[in-house]
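Colleague: for reference, the sequence and a predicted model appear below.
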Amino acid sequence: MAQSAPGEEGPELAVPRRAGCNAGFLAPMEPFAQPAACHPHPRPSVERRAAAAYDLVVVGAGHAGVEAAAAAARLGARVALVSFRLDRVGEMSCNPAIGGLGKGQLAREVDALGGLMGRAIDATGIQFRLLNTGKGYAVRAPRAQADRHRYREEVTRTVRATAGIELVEGGAEALLVEEDGRTGRAVVGVRLSGAREVRAGAVVLTTGTFLQAIMHTGESTHAGGRVGEASSGLSSELAALGLPLGRLKTGTPPRLARDSIAWEALSEQRGDDEPWPFSFATEREHFPVLPQVGCHVTATSKEAHEIIRANIDRAPMFTGRIQGVGPRYCPSIEDKVMRFADREQHQIHLEPESLETDVIYVNGISTSLPADVQESFVAACPGLEHARFLRHGYAVEYDFVQPSALDRTLAVRSVPGLYLAGQINGTSGYEEAAAQGLIAGANAALWLADREPFVLERHESYVGVLVDDLVVSQPVEPYRMFSSRAEYRLLLRQDDADRRLVARAHAIGLADGAALARMQARVAVVVRTRALLDGLRDASGKTAAARLLRPDVSMLDLEAELPALRALELDPATRTTVEADVKYAGYVERQLRDVERMRRDERTPIPAELDVSAIRGLGTEAREKLVTLRPATLGAAGRIAGVNPPDVALLAVHVEKWRRERTQPV
Amino acid sequence: MRAPNGADTIAAIASPPGPAERGIVRISGPAARFCLGQLFQAEAGELSGERGLWSGRVDDGRGTQPALVVWMPAPRSFTREDVAELHVPGHPALLNAVLTAVLRTGVRLARPGEFTRRAFENGRIDLSQAEGLLAFVEAAQEAECRAGARLLDGGLARRVAHLRAGLEDLAALCEASLDFDEADTQDVATDELLGLARDRTQELAAALGWEVARQPPGVAPRVQLFGAPNAGKSSLFNALAAGAGCSSAAIVNPLAGTTRDSLHALLALGGGREVLLADAPGLEPGSGVADVRAQELAADARRSADLVLWVVDARRGVVADELDRERQFLTRPTPVVLVWNQTDRVDAVELGARGAWMLRWSLAGRVELALAPGQAAQGLEALRGAILNVLFGAGESETPSAGLARELFVRHRRSLEEAAQALASASQALAAGQALDLCAEELRDVVRALDGIFGRTLPEDLLDRIFARFCLGK
């Protein structure tokens, strides 16, 4: 990795400045790859950067924090990574799993962008499955159970081995805010417990659920964001900076002792026989690394539901004790029982948290009911009659910052030097957090180095969809990725995340040369195979590619029949890519035309200085939303509910007027 | 045949609404030439690429009409794109048929201001010109809103909303199966999706049936009575309706708030001009649930009107909260005629003072003043004159929003046709055993087609449907 060297202007990067980031590999993508974004603030003064011990301080070392620190370090920044406890770096707070529908695609993209997540799960996964294999290439997604201890150790090891990252133990108590002649009021570091100050050019906050966090189990409440860990008072600092805060809720299920469960009564769910790694860097010969285990499936029962119903008045969500709104896609068991009263049972997955420990994660019954109620309803589920609780389930309520305060680099628009990533932005999930961390960390480093921002578009990646959605959203529940959020879903397959993103990541220094070479080699095989498919004809003159278009014909069928194809010795990943490319070509072309049509709007920035509220003729709702959410481009404006095409047309004229007035001074 | 790049090409009726000697359908964009090729047969020779004028016949799908084509290749046109204008006899029904035929070739209906936006963005018109047209966009958006409300009058809104809900449910079911665990969604079977698609196909066909049977709406402009309870709206309605030889009449009761349902009467105002006069329930807040509903109806009616007759009891003048209520409508460009009722029972000096105050206020609110002293014949005559003058003053035989309503009617029908096509294609994909994500793409097209009627369905909307139906999340 490039190390920073002191230069005339303070620490500089060894990577060329203003390297273009429009090096998309696919020809059809090239014309649109130019971002319409720029950094929202001038970079800090030379003196300030020279005075700071670090370029960047990242607060929080969860899935967002480690990716932020590592991405910035890959770009040559000197990073301080601050955590309450250095033995919790890369901790899986809730579910011991990576990936899943929508999330698996994100994890693959994080890997293609040089992130840690994919390699860490490949090294520590104890069950790998590819989901949705029967439903189409664009919605397939990898998911893996992790040994959560080994996962954390692997992430910690990687972070410690990354040049440019220094781990600092401590709780961040305050933001250091100073006037800077160049940028005005700016965040210049954090103050840790014990009045230690860590100064840096920029700060990335990835505080997860720890802001003003309250944990609920029945009637009892504790301050704190995770069992045994305190909550953070940074909220008041953020409010003082004028950032709009909201409150959300999430929950976690009980953990049970392995030896207390009647396993023989339960059905087992195994991983895939031929597991797929998450990372494009993982070699299949040496994969999986750890022994693979099964998960077991049971379900709640009528009796369990009755117990829950009888005690519902003791659930904090129903007593009104919890104010925050929980996610509808991951409801608590009390929520499921009350809202879907006609269901007699709900599935429960028993997932081992580790190869070594006896902790079983009880997926499906997240709850904040009192401990005694948890114990009695769990005992009413088949196989769990004698289950011993290692930890009870609980709900956490926490503050988040309305993500409309951010721009697409995840920088706070109103305060220079501050970036936010992960649950602090109202999202949920390790993968969503990792993706944001990577974008925030990379952009903070690029800002400090006076280089172009790194912004991904909606048609290139789920990461782009995530960031794009966030900055014009007002979450009422934690935001989670779904493939249905991506209008160009068919362009965003998990199997070709490398083809979509590695070249762009490499061009700015996020991905290394080896990753680029790997991707290019794979793409070369894809290209060669496609040419062969177009050339090989059967007796009736039909090409192999044309035959592959039929839903019931696969690459394996053709390979069995055609020696020339067999001779290519395709690996399964590349076979999938070719097959999907051919079968989806018509639809992909259509989506690319849609992208082309949206291009002008997506690339037309709405200047921050433009007074939208003064534009005559906008609809009332449109005006309100445009003022509150401040979309960065005309395209983003058009995606907001309540902003109609005539409003966008009107806005377009005013944007152009603004631009002309400033570029042609009278 | 449909144009490959049709969605970048827009079309609309470009001539002023109402019967005229000639009407114009304008097409702008890369597919304009393709579209002409599909519909137009020149009398002599072929259309060349050169700018020019051709006469021939245009095929509107039911027959051919004589037409004149003005062909303006890019960049020498208003939008600097390829532009074709079809000049045909100016009968509204005929113009609609030609526009419908144009849209069937795959181009889409232009939104208010869209030709202007293109002209501006392509540097054809300058800023001051574009700014001059902004007022037009505002007014057009407002008029479209009004016309849209009227288009879905009379129970149609409910029927179409039901149709939309069914189609969104189908799309949501498919998305649920892609985005959630099979254990949660009990794995939606292709057969179930296919069965639902069949039901929806039938409903769509039925809906298209109503649309074809329906007459384009809104030819007669709507004149809405408005005012405080017991201001004399119903008396005025009856007087005007009686004068027009109309049998429909409102029940008049001296108790405030008697008129609960809207009543309509078609008034002939001379010179072949007709208006639809609508009475509205008296606005009296806070007097029970039924009245809340009545207030909502009144507000809706007020929004969809082309002209408002604001009836004021001269003895009381304008009540303060009535003025407040009116303010919410003040930004709208709907003209208002203020009608002083019962003036014969008020002292002339006092009335004069109130009138002067009213006029001062009216300058900001685009109010025209007409006096209707009691129900005296000459007062009514003056009122009829004022209505004619405001609505048809420019010598046009119908209002812009009536023209828009017809254009929307075309868009409406077109949306249903497109939804039906997309649904057929989705059913085909499902039946052929295509991958579910590809079927989902076709179903997304169905929902997108409906956007032409209802405004957009967002991913959030589909997720809401999914969460309402399934118990999700391990």
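Modeller: Noted; the coordinates are in hand. Model, not experiment: these values are computed from the prediction.
Colleague: strands of the stretch 151-300 of chain B, start to end?
Modeller: B:222-227, B:263-268, B:274-279 (DSSP state E, counting those that start in this stretch).
Colleague: what stretches of the stretch 301-450 of chain B score poorly on pLDDT?
Modeller: B:301-304, B:317-334, B:342-379, B:392-409 (pLDDT under 70).
Colleague: tell me how far A:Thr604 lies from chain B.
Modeller: For A:Thr604, the distance to chain B (C-beta to the nearest C-beta, to the nearest Å) stands at 9 Å. In this view, the C-beta of every residue, glycine as well, is placed from N, C-alpha and C.
Colleague: can you point me to the longest helix in chain A?
Modeller: In chain A, taking DSSP state H as the definition, the longest helix is helix A:572-603.
Colleague: show me what that helix is packed up against.
Modeller: Where contact means 3 or more C-beta pairs under 8 Å, 6 or more residues apart in numbering or on different chains; DSSP states H and E, helix A:572-603 is packed against helix A:513-535, helix A:544-548, helix A:555-561, helix A:634-638, helix B:436-454.
Colleague: can you list the low-confidence ranges for chain A?
Modeller: A:1-37, A:183, A:227-228, A:230-231, A:323-325, A:646, A:664-666.
Colleague: contact partners for the residue nearest the centre of it?
Modeller: Closest to where the C-alpha atoms of chain A average out (C-alpha atoms, centre = their mean) is A:Glu432, at 1.9 Å. Contact partners of A:Glu432, counting by C-beta atoms under 8 Å, 6 or more residues apart in numbering or on different chains, are A:103, A:106, A:422, A:466, A:479-481.
Colleague: what's the burial count for A:Leu568?
Modeller: Number of residues near A:Leu568 (other C-beta atoms under 10 Å in any protein chain shown) recorded here: 15.
Colleague: so A:Arg339 sits right up against A:Ile333, yeah?
Modeller: No: the criterion here is C-beta atoms under 8 Å, and A:Arg339 misses it with A:Ile333 at 10.9 Å.
Colleague: between these two, which one's more packed in?
Modeller: Neighbours around A:Arg339 and A:Ile333, counted as other C-beta under 10 Å, are more numerous at A:Ile333. The numbers are 27 against 13.
Colleague: so what's the more buried one closest to, chain neighbours aside?
Modeller: A:Ile365 (4.2 Å; C-beta to C-beta, 6 or more residues apart in numbering or on different chains).
Colleague: mind checking the SS state of residue 419?
Modeller: With no chain named, the answer covers chain A. Three-state call for A:Tyr419 (DSSP: H, G, I helix; E, B strand; the rest coil): strand.
Colleague: just checking, it touches A:Asn443?
Modeller: Yes: the pair A:Tyr419 and A:Asn443 passes the contact test of C-beta under 8 Å, sitting 6.9 Å apart.
Colleague: between these two, which contacts overlap?
Modeller: Shared contacts of A:Tyr419 and A:Asn443 (C-beta under 8 Å, 6+ apart): A:409-411.
Colleague: what parts of the stretch 1-150 of chain A come near chain B?
Modeller: Residues of the stretch 1-150 of chain A that fall close to chain B, judged by C-beta under 8 Å from any C-beta of the partner chain: A:101-102, A:131-132, A:134-139.
Colleague: who's sitting farthest from the centroid in chain A?
Modeller: Outermost residue of chain A (C-alpha atoms, centre = their mean): A:Ala539, 49.3 Å.
Colleague: so that residue sits in a helix?
Modeller: No: read with three-state DSSP, A:Ala539 is coil and lies in no helix.
Colleague: for A:Pro563, see how far away it is.
Modeller: 16 Å (C-beta to C-beta, to the nearest Å).
Colleague: could you do B:Asn389 as well?
Modeller: Note on B:Asn389: its distance to A:Pro563, by C-beta to C-beta, is 87 Å.
Colleague: quick one: which of the two has more around it?
Modeller: Each of B:Asn389 and A:Pro563 has its neighbours counted (other C-beta under 10 Å); B:Asn389 has more, 14 against 8.
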